[in-house]
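Q: Turn this into a structure:
(2 chains)
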Amino acid sequence: MGWNRKVLRVNLTAGTCTPEPLNMAWANDYLGSRGLASKYLVSEIDPKVDPLSPDNKLIMATGPLTGTMASTGGRYTVVTKGALTNAIACSNSGGFFGAEMKFAGWDMIIFEGKSPKPVYLYVENDKAELRDAAHLWGKTCWQTEEMIKTSHQDPLIRVSSIGGAGENQVLFACIVNDLHRAAGRSGVGAVMGSKNLKAVAIRGTQGVSGIKDFPAFLAAATAAKKVLADNAVTGQGLPKYGTQVLMNVINEMGALPTRNHRDVQFEEAGRISAEAMHEKRPTDGKTHLVTNAACFGCTIACGRISRIDESHFSVKNSPQYWGASGGLEYEAAWALGAANGVGDLEALQYANLLCNEHGMDPISFGATVGAAMELYDLGILSREQIGVDAKFGSAEALCQLVEMTASGEGFGKELGMGSARLCAKYGRPELSMSVKGQEFPAYDSRGIQGMGLAYATSNRGACHLRGYTVASEVLGIPVKTDPLVTDGKPELVKAFQDATGVFDSAGICIFTSFAWTLADVQPQVQAACEGDWSMDKLNDVGERIWNMERQFNLAAGLSAKDDDLPPRLKTEPAKTGPAKGLVNGLDKMKPEYYKVRGWTPDGVPEKATLERLGL
Amino acid sequence: MQKSLHIDPAKCTGCLQCEMACSYEHTGTINPSKSRIKVFDFEHEGRKVPYTCTQCADAWCMNACPVDAIVVDLATGAKVVREATCVGCKVCTIACPFGTVNYMADVGKVQKCDLCGGDPECAKACPTAAITYVDADWTGLDRMRAWAAKASTAAVAA
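A: Numbers count the residues shown, from 1 in each chain, chains lettered A, B, ... in the order given. From the prediction side, this is the model:
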């Protein structure tokens, strides 16, 4: 129970949609969503497969709590081999699409092969069919969603789609659902595009009936909601300020990567912060922020809905952008802003809107612009090559580059490769601020030491959502640790990585973990799912997922040398702030981490570790 | 005292907990497609609006029903569909000016908000108090209070 016990297998080459029973033995070992879909992926594809070839598969998966009254129970996950990283990819999205998949009666949809022509999958409960998408190809995510709803005469359909970025295989293309929610990272949208799959449209009216013990589940869900409501972060900070609450906090800590990580503090952070979004603009007297918004079932509601300044140069002739829309969240505001030295809030929102509209990950896009600006600053790239005066801090350049990348024009095509390939092409690979080809998010690991290890060892490349030690090192959740030291961080990183796997696999949002520990999740899983789900078992599930992902990456050709940070973070000390003079102590933490993980000094899981986890 | 559902759209985040709670109460499954309250997302305005039956005193649906399947629950004032009597003719869905009575094709009956017998699940599930269940004679109380707060009551300076 908890699960629908049904998988939809879509063979795009043959054009077939076939239901099959969910492998319940695997569900018992991997719970759902991220863990379970990853188990399917690693069991079904050659780890060495070219991510953009028909032999790669792409899985959309819900968890047992998706579509339930558990707070934040609306998540779904896209699992595939990442186009950007050549590692296992797992991108998680909120919005309403995941719950709709569950309501239609499916736990998971597995896409395999490649369609000979553009198609979209239409699912109405048990009925699933591939439909011609010739008329949708070339359309934006926003247009695609609207056109599908209109043609089916059903505004209640939920849609996940790719935009031009995914079609053109921009390596950081994402999959967008519900206009401004995205399975954002690792280039999952490029994989979808390589399969000629434009969109997935779902209408589900069957609901979730398979909860093991409904009264116990509702009691557990209600108690857990109270924990969120009573917590200062999830009950007050996130609803009021969103994730953007972090901009000034992280800047103060000297951990806000600025101008491609040359600096750790951004002098204009205040102008692009949550507080700035609440201030009235001098131009029109309105605030940037319109309201907060929730994803399906979420009682936190951290989402930002904003309205761009109509008189801003980026949109003054483009009224289609004047309405309220999603953004800015902290990661996007950082990547489009501080990472490039741009302190123009409206320009960041414009770039963010284009990322949502055309289906690009704003983190990787923004950070790649930062790398290009550094190459330009160093004279390695010329104005002629880029086509714009791409100096650090230029809002005009940012806005032009986002348009060029979305359309694949000129230098935009090169930005679409991501920073690792871009910097390598121009002979300066060390200037790409990335791990395993994926750009860093918004925390500088010189000022938050644990994050250096979390980034280096993340199975999907640099990422804050695989082990968010920021919670402990900055916010003191669940216990406060010193962000400037490496001591204890290997254990901390492992604990966060394993627990995150459980949250992701349950079908809930990792933001609940600002208030919840696994002890708050466990009663909900226990009441919803068949079988016994003790704390020990959940901890094992998390660790099992991590090691399974690791084994896939090793088999794909990655090794301990890929668990590394760019030299800048290990050799160029932070120039200002509390971390002034510090570099990241990865080389000290990494051997210890491997030991804590039960891995060899080469980062390979020991036989005993695998046996203990049943791998 | 009779009570009434009171909706303040400005407080709604669009989480749909109300739809889940409503459907669970009436169908035993978590299924927003069976909810009698719907949240509408006017995304380009940044507004979410929960909407359901206002329980009209002289109810169009009740007056239109040719088989008297819609009756008043005297305890709550709710206009309640008697499923055993409803023949699924849909006249009430045409009569209701607000669209809050809807036909369920799978069971061949109509459904509408029945105030859950006086303890509406949507209001209990709402995390932001956008949906409350208040004195039916005083649904304007909060708004009156808000305006009252703006009134100048400064005492003459001593």
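Q: where does chain B come near chain A, residue by residue?
A: Where chain B comes near chain A, counting by CB under 8 Å from any CB of the partner chain, the residues are B:13-17, B:20-21, B:23-24, B:27-34, B:43-48, B:125, B:127-128. Glycine gets a C-beta too; all of them are placed from N, C-alpha and C.
Q: Tell me who's in contact with the residue of the stretch 151-300 of chain A found nearest chain B.
A: Scanning the stretch 151-300 of chain A for the residue nearest chain B gives A:Gly207, at 2.4 Å (criterion: CB to the nearest CB). For A:Gly207, the contacting residues are A:67, A:103, B:23, B:27, B:29-34, by CB atoms under 8 Å, 6 or more residues apart in numbering or on different chains.
Q: now it, nearest residue through space, not along the chain?
A: B:Asn31 (2.4 Å; CB to CB, 6 or more residues apart in numbering or on different chains).
Q: unless I'm mixing things up, that neighbour is touching A:Gln206, no?
A: Yes: with contacts defined as CB atoms under 8 Å, B:Asn31 counts as touching A:Gln206 at a distance of 6.9 Å.
Q: which residues do the two both contact?
A: Common neighbours of B:Asn31 and A:Gln206 (criterion: CB under 8 Å, 6+ apart): A:Phe103.
Q: more neighbours, these two?
A: B:Asn31 (22 against 17; other CB atoms under 10 Å in any protein chain shown).
Q: all strands of chain B, in order?
A: Secondary structure of chain B, counting by DSSP state E: strands at B:3-7, B:38-42, B:47-51, B:70-72, B:79-81, B:102-104, B:109-111, B:131-135.
Q: closest to A:Gln169 out of these?
A: Closest approach to A:Gln169 among the strands of chain B (CB to CB): strand B:38-42, 31.6 Å.
Q: residues contacting the residue of chain B found nearest chain A?
A: Among the residues of chain B, B:Asn31 lies nearest to chain A; the distance is 2.4 Å by CB to the nearest CB. When contacts are counted by CB under 8 Å, 6+ apart, B:Asn31 touches A:103, A:205-209, B:20, B:23-24.
Q: Quick one: these as CSV, columns for distance to A:Val191 and pLDDT too.
A: Shown next, in CSV, are those (distance: CB to CB, whole Å; pLDDT from 0 to 100):
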residue, distance to A:Val191, pLDDT
A:Phe103, 26, 98
A:Thr205, 30, 97
A:Gln206, 29, 97
A:Gly207, 31, 97
A:Val208, 29, 97
A:Ser209, 33, 93
B:Met20, 32, 98
B:Ser23, 35, 98
B:Tyr24, 37, 98
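Q: Columns distance to A:Cys174 on top of those, output as a markdown table?
A: Compiled in a markdown table, the contacts of B:Asn31 are given as follows (distance: CB to CB, whole Å):
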| residue | distance to A:Cys174 |
| --- | --- |
| A:Phe103 | 24 |
| A:Thr205 | 28 |
| A:Gln206 | 28 |
| A:Gly207 | 29 |
| A:Val208 | 27 |
| A:Ser209 | 32 |
| B:Met20 | 28 |
| B:Ser23 | 31 |
| B:Tyr24 | 33 |
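Q: are any of the residues you listed buried, and which?
A: Applying a neighbour-count criterion of 16 or more other CB atoms under 10 Å in any protein chain shown, the buried members of the contacts of B:Asn31 are A:103, A:205-208, B:20, B:23-24.
Q: ok, of the contacts of B:Asn31, which one's closest to A:Leu415?
A: The shortest distance between A:Leu415 and any of these, using CB to CB, involves A:Phe103 and amounts to 38.5 Å.
Q: Show me how to select, in ChimeraX, the buried members of the residues of chain B next to chain A.
A: Restricted to the buried members of the residues of chain B next to chain A, where burial is judged by 16+ other CB under 10 Å, the ChimeraX selection command reads as follows:
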select /B:13,14,15,16,17,20,21,23,24,27,29,30,31,32,33,34,43,46,47,48,125,127,128
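Q: one step back: pull the most distant pair out of the contacts of B:Asn31.
A: A:Thr205 and B:Tyr24 (14.8 Å).
Q: And the contacts of B:Asn31, which is closest to B:Leu141?
A: B:Leu141 lies nearest to B:Met20 out of those, by CB to CB, at 28.3 Å.
Q: residues contacting that closest one?
A: Contacts of B:Met20 by CB under 8 Å, 6+ apart are A:68-69, A:297, B:30-32, B:35, B:125.
Q: Now with 10 Å, please.
A: If you count contacts by CB atoms under 10 Å, 6 or more residues apart in numbering or on different chains, B:Met20 has them with A:67-70, A:73, A:99, A:207-208, A:221, A:296-297, B:29-32, B:35, B:121-122, B:125.
Q: Repeat that for A:Gly557.
A: A:Gly557 makes contact with A:47-48, A:86-87 under the criterion CB under 10 Å, 6+ apart.
Q: In the residues you listed, which residue is surrounded by the most others?
A: A:Ala87 (27 neighbours).
Q: Leaving aside the residues adjacent along the chain, what's closest to the closest residue to chain B within the stretch 401-550 of chain A?
A: Using CB to the nearest CB, the single residue of the stretch 401-550 of chain A nearest to chain B is A:Ala528, 10.6 Å away. Here the nearest residue to A:Ala528 in space, its sequence neighbours aside, is A:Gly2; by CB to CB, 6+ apart that works out to 4.0 Å.
Q: Kindly report the same for A:Met147.
A: The shortest distance from A:Met147 to any residue that is not its chain neighbour, by CB to CB, 6+ apart, is 6.1 Å, and that residue is A:Leu136.
Q: before we move on, back to that, so the residue nearest to A:Ala528 sits against A:Leu36, correct?
A: No: checked against CB atoms under 10 Å, the pair A:Gly2 and A:Leu36 is beyond contact range at 11.4 Å.
Q: Who are the contact partners of residue 84?
A: Chain wasn't specified; assuming chain A. Listed by CB under 10 Å, 6+ apart, the contact partners of A:Leu84 are A:51, A:170-173, A:185-188, A:190-191, A:361, A:364, A:417-421, A:434, A:436-439, A:460-461.
Q: if you could check chain B rather than the one you did, that'd help
A: The neighbourhood of B:Ala84, defined by CB under 10 Å, 6+ apart, consists of B:69, B:109.
Q: how far away is it from A:Pro21?
A: Plainly put, B:Ala84 is 38 Å away from A:Pro21 if you go by CB to CB, to the nearest Å.
Q: what about stretch B:71-84, how long is it end to end?
A: Between the opening and closing residues of stretch B:71-84 we find a distance of 12 Å, counting by CA to CA, to the nearest Å.
Q: just stretch A:371-391 next, same as before
A: Where stretch A:371-391 starts and where it finishes are 11 Å apart, if you go by CA to CA.
Q: Give the buried residues for stretch A:246-258.
A: In terms of neighbour count (16+ other CB under 10 Å), stretch A:246-258 has its buried residues at A:246-251, A:253-258.
Q: can you tell me which of those residues are in helices?
A: In this view, those that belong to helices under DSSP state H are A:246-251.
Q: and residue 37, how many neighbours?
A: Answering for chain A, as no chain was given. Around A:Ala37 sit 31 other residues, with neighbours defined as other CB under 10 Å.
Q: The chain in question should be chain B.
A: B:Ile37 is surrounded by 26 other residues when neighbours are defined as other CB under 10 Å.
Q: ok, it - contacts?
A: Contacts for B:Ile37 (CB under 10 Å, 6+ apart) come out as B:5, B:7, B:16, B:18-19, B:21-23, B:50-53, B:100, B:113, B:120-123, B:125-126, B:131.
Q: Show me which of these are buried.
A: In the contacts of B:Ile37, the ones that pass as buried (16+ other CB under 10 Å) are B:5, B:7, B:16, B:18-19, B:21-23, B:50, B:52-53, B:100, B:113, B:120-123, B:125-126, B:131.
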